[in-house]
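Novice: here is my input, please return the structure:
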Amino acid sequence: METSFYFTVNDYPLTELDSYRPECEKKILCKDKKNCGKSLDCQKHVWHSELFVSDNLTGLRDVEVSSAGSRVIKLSGHSPLVVGSSRTFRVIVETECCYDGVELSVRDVAGNEKKCVAGINPNVANKCIFNSCLIPIVMFLLCIV
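Specialist: Numbers count the residues shown, from 1 in each chain. Below is the predicted model:
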């Protein structure tokens, strides 16, 4: 097994050489998102999205999910992420049906950061969690009877 290291040697801080944030090239919501409205227990069901990220100057440092209810299930392009790589990475994210969006935090080697969002309101739960939306209905019915 061979290991490679890439170094940039100069007299300038990286922030002077690279002041541009990474790129979110494409965001795709997969078709399984349509199945989310069919269940009251949104935490047991998931949908998927694909985001394509890159940085052409100093290269990527890390890619993290920064929204609740989501996790990266696959990173392709050159997995694992090689710090400093300027390749485009395809990030596949799995998100609970409680959420209508996902947010990634993408940083480059110089420390520039970009938030990439697929969908809407990535940090706000909008569905019934543990059937909590049924409680007000039951309480209302008890008051009527």
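Novice: for Asp18, see how far away the residue nearest to the spatial centre of the chain is.
Specialist: The residue lying closest to the centre of the chain (C-alpha atoms, centre = their mean) is Leu104, at 3.5 Å. With distances defined as C-beta to C-beta, to the nearest Å, the gap from Leu104 to Asp18 amounts to 19 Å. For the C-beta atoms, the positions are set from N, CA and C on the backbone; glycine is no exception.
Novice: before we move on, back to that, and what about the nearest residue to the residue nearest to the centre of the chain once chain neighbours are set aside, helix, strand or coil?
Specialist: When the adjacent residues along the chain are set aside, Leu104 lies closest to Cys116, with 4.5 Å between them (C-beta to C-beta, 6 or more residues apart in numbering). For Cys116, the secondary-structure state derived from DSSP: H, G, I helix; E, B strand; the rest coil is strand.
Novice: which residues sit in contact with Cys116?
Specialist: Shown in contact with Cys116 (C-beta atoms under 8 Å, 6 or more residues apart in numbering): Cys24, Lys27, Leu51, Val53, Glu103, Leu104, Val106.
Novice: quickly list what the residue nearest to the centre of the chain is bridged to.
Specialist: Beta-bridge partners of Leu104, counted by DSSP bridges, are Val65, Cys116.
Novice: which stretches in the protein count as strands?
Specialist: Across the chain, reading from the start of the chain, the strands by DSSP state E fall at 23-29, 46-54, 60-65, 70-76, 89-96, 101-108, 113-119.
Novice: check contacts around Asp32.
Specialist: With contacts defined as C-beta under 8 Å, 6+ apart, Asp32 is in contact with Val46, Trp47, His48.
Novice: if we go to 6 Å?
Specialist: Residues counted as contacts of Asp32 (C-beta atoms under 6 Å, 6 or more residues apart in numbering) are Trp47, His48.
Novice: one more: Ser49?
Specialist: The contact partners of Ser49, by C-beta under 6 Å, 6+ apart, come to Leu29, Val93, Val102, Ala118.
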